[in-house]
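# Here's a sequence, model it:
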Amino acid sequence: MDQGDFVRHRARAEWGIGQVLARANDRIDVQFAHGLVPLKLSIATPFLEKVSAAEARAAGVVSTTRRTGAAKTASGVRRAPRAKKVVEPEPEAEAEEAEADEADE
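Sure, this is the predicted structure:
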């Protein structure tokens, strides 16, 4: 199982289809609909079944390769969310606002 693969847990059918987010050593993080599930590969491998991307899409599973927010991965490292892009107003718009403010006074 590699990062980005879709899987199903045979013993937990209620979890549905999940996507592998991270893999490190003997640990794997799988994002199922109900939440992130860290699993120990040596125990979970017999229960995990790889699912095609087409089957995952048909089941309504959305790819989670682009995540937001800090999350602890299989390697134990927390990743910070990306900074939001700040949009600066255009200089022309600032000048027009300043003129409108002066006209109001």
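
# who's the residue lying closest to L36 once chain neighbours are set aside bridged to?
Leaving aside its sequence neighbours, L36 sits nearest to D29 (C-beta to C-beta, 6 or more residues apart in numbering; 6.0 Å). Where you see a C-beta, it was placed from the backbone N, CA and C, and this is true even at glycine. Beta-bridge partners for D29, by DSSP bridges, are A22, P38.

# For D29, give its distance to K50.
Distance, D29 to K50, by C-beta to C-beta, to the nearest Å: 16 Å.

# ok so, going back, which ones are touching the residue nearest to L36?
The neighbours of D29, taking C-beta atoms under 8 Å, 6 or more residues apart in numbering as the test, are 20-23, 36-39, 73-74.

# would a markdown table of the residues you listed with pLDDT, distance to A58 and neighbour count be doable?
Converted to a markdown table, these look like this (pLDDT from 0 to 100; distance: C-beta to C-beta, whole Å; neighbours: other C-beta atoms under 10 Å):
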| residue | pLDDT | distance to A58 | neighbour count |
| --- | --- | --- | --- |
| V20 | 93 | 19 | 22 |
| L21 | 92 | 21 | 20 |
| A22 | 91 | 25 | 20 |
| R23 | 90 | 25 | 19 |
| L36 | 91 | 23 | 16 |
| V37 | 91 | 22 | 16 |
| P38 | 93 | 27 | 14 |
| L39 | 93 | 24 | 22 |
| T73 | 56 | 28 | 18 |
| A74 | 55 | 27 | 21 |
